[in-house]
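K.L.:
Here's a sequence, model it:
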Amino acid sequence: MNVGQAIKMCRTRRGVSQSDLARRAECSVSYLCLLENNKRDPTLSTLTKVAQALNVPVGILFFLAAEHGELTGMDKELAGELARTALELLSEPVADQFPLV
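P.N.:
Model (predicted):
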């Protein structure tokens, strides 16, 4: 499972900087950087805050974090379609959904 890669992918597709995401998720930029580089394993509560800050269901974040072989039993075509759909939904900037305070 590559949670860091999924966080970074969602963040960049949403057009959110690390500092904005860290502020919204109530963590430090250095900790977010460690998460994105898979140098730290986030708690479920931290991952939930990050997902909420990105306006992404935490389940989608886990799905996008799955590595080859971790979705055994799932039809490959279905997995590909789910991934494409999830990435399309991430094309809207998060700033349009959550005003900056």
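K.L.:
C-alpha from now on. contacts and neighbour counts both.
P.N.:
OK.
K.L.:
how about the helices in this protein?
P.N.:
Per DSSP state H, the chain carries helices over the ranges 3-14, 18-25, 29-36, 44-54, 58-65, 76-89.
K.L.:
If I average pLDDT within each of those, which one is lowest?
P.N.:
Mean pLDDT is lowest for helix 76-89 out of those, coming in at a mean of 79.
K.L.:
For that helix, list every residue counted as buried.
P.N.:
By neighbour count on 16 or more other C-alpha atoms under 10 Å, the buried set for helix 76-89 is 86-87.
K.L.:
how far off helix 3-14 does it point, in degrees?
P.N.:
On the basis of axes from the mean of the first three to the mean of the last three C-alpha atoms, to 10 degrees, helix 76-89 is oriented at 50 degrees to helix 3-14.
K.L.:
Of the helices of the chain, which stretch is the most buried?
P.N.:
Each of these was scored by mean neighbour count; the highest is helix 3-14, a mean of 21, by mean count of other C-alpha atoms under 10 Å.
K.L.:
Which other helices and strands does it contact?
P.N.:
helix 29-36, helix 44-54, helix 58-65 (3 or more C-alpha pairs under 8 Å, 6 or more residues apart in numbering; DSSP states H and E).
K.L.:
How about residues contacting the first one?
P.N.:
Contacts of helix 29-36 from elsewhere in the structure, counted by C-alpha atoms under 8 Å, 6 or more residues apart in numbering, are 3-8, 18-19, 22-23, 40-42.
K.L.:
if you set the cut-off to 7 Å instead, what comes out?
P.N.:
Helix 29-36 is contacted by residues 4-5, 7-8, 18-19, 22, 40-42 when judged by C-alpha atoms under 7 Å, 6 or more residues apart in numbering.
K.L.:
how long is stretch 24-44 end to end?
P.N.:
In terms of C-alpha to C-alpha, to the nearest Å, the two terminal residues of stretch 24-44 are separated by 16 Å.
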